[in-house]
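Novice: Build me a structure from this.
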Amino acid sequence: MIPAALQRIPDEFKPYAAMGIGAIILVGLVLVHGTGIHLILKLHERGDVRLRFGRPHESAAIALFGAAVFLLLFAHLVEIMVWAFALIGLGLVERAHDAIYFCANAYTTLGYGAVDLEPHWRNISPVIGLSGMFAFAWTTGALVSIVGSHNRLLTELREERVRERGLRQTLRADERHVRDREAAAEAAERAAAPRHTGEPLTGRLSERLTDRWIDWTAEKRKIDALRAAARAEIAGLEHTERLAEDALGPGAVLDDGTASSSTQTKA
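Specialist: Numbers count the residues shown, from 1 in each chain. Purely as a prediction, here's the structure:
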């Protein structure tokens, strides 16, 4: 039912009242929509910056893009619901599903469908359509900005991924070189260690065993030292490689000596 205050309005003034009420709701929704667009763009921009300066995770970039698009669509759904509940509150439509259906059709300028308003209050319909046109235009501009930023981000992340793979391949090659060098040094140490094979069994047994034990422990200490040095060198290489991966991002220099696209963009 239409509230008594609206029913007391003379019929010749009801179309103007419909326009006025619609204009007030329109202005409020435009302000809310603009604030929502601003917050969504800021959210996407902050996520974009974190991904550019962090590890190259393309899946996170796609998730960020999907979240931004979802929020843009959700903003329109909220505005349709606001219009629907406004019509219910004004008593222009009785049932919620009819109000939502009517406002969705008017908001998207598809038409009014099977639901219609009282003739004196029909002027609010084009205001709802104007609200949708304005909001969709604003959303389109924001979406163009988000898509452009997303494409640039994916390009830079792929560049960083190539550099990351190069760093890891270099690390594996350096680790193999260290292990090969340690194995050669260990073999040389074993070859240089004294051997008692074939020596005559002269002297006391305890003295022979003691000499062999001393030689074996000395050899083992040297081999353990070689292995510890190799492990320490490999750990240093891995630490350096992790730091190099963490440094990937804007300003990184590619293998051919040129700056990444993000640096060129900033320049």
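Novice: For V27, what are phi and psi?
Specialist: phi -60, psi -40 (degrees, to the nearest 10).
Novice: And it, what's its pLDDT?
Specialist: In the predicted model, V27 carries a pLDDT score of 93.
Novice: With A232 instead?
Specialist: 89.
Novice: which element is L117 on?
Specialist: Here L117 is covered by no helix or strand, with elements defined by DSSP states H and E.
Novice: same check, this time on R231
Specialist: Using DSSP H and E, R231 maps to helix 205-246.
Novice: From the contact counts, what lies against that helix?
Specialist: Secondary-structure packing of helix 205-246 (3 or more Cβ pairs under 8 Å, 6 or more residues apart in numbering; DSSP states H and E): helix 124-192. Any C-beta I mention is one placed from the backbone N, CA and C, and that applies to glycine too.
Novice: for the helix it packs on, the distance to its chain's centre please.
Specialist: 10 Å (Cα atoms, centre = their mean, to the nearest Å).
Novice: Tell me the helices and strands packed up against it.
Specialist: helix 14-53, helix 58-89, helix 96-107, helix 205-246, helix 261-266.
Novice: Now render these as JSON lines, adding mean neighbour count and distance to R152.
Specialist: As requested, those are arranged in JSON lines below (neighbours: other Cβ atoms under 10 Å; distance: least, Cβ to Cβ, whole Å):
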{"stretch": "helix 14-53", "mean neighbour count": "16", "distance to R152": "9"}
{"stretch": "helix 58-89", "mean neighbour count": "17", "distance to R152": "10"}
{"stretch": "helix 96-107", "mean neighbour count": "20", "distance to R152": "32"}
{"stretch": "helix 205-246", "mean neighbour count": "13", "distance to R152": "21"}
{"stretch": "helix 261-266", "mean neighbour count": "14", "distance to R152": "7"}
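Novice: If you average pLDDT over each of the ones you listed, which is lowest?
Specialist: Here the helices and strands packed on helix 124-192 differ in mean pLDDT, and the lowest is helix 261-266 at a mean of 40.
Novice: same question for stretch 177-193, mean pLDDT?
Specialist: pLDDT averaged over stretch 177-193 gives 80.
Novice: List the contacts of I24.
Specialist: The contact partners of I24, by Cβ atoms under 8 Å, 6 or more residues apart in numbering, come to none.
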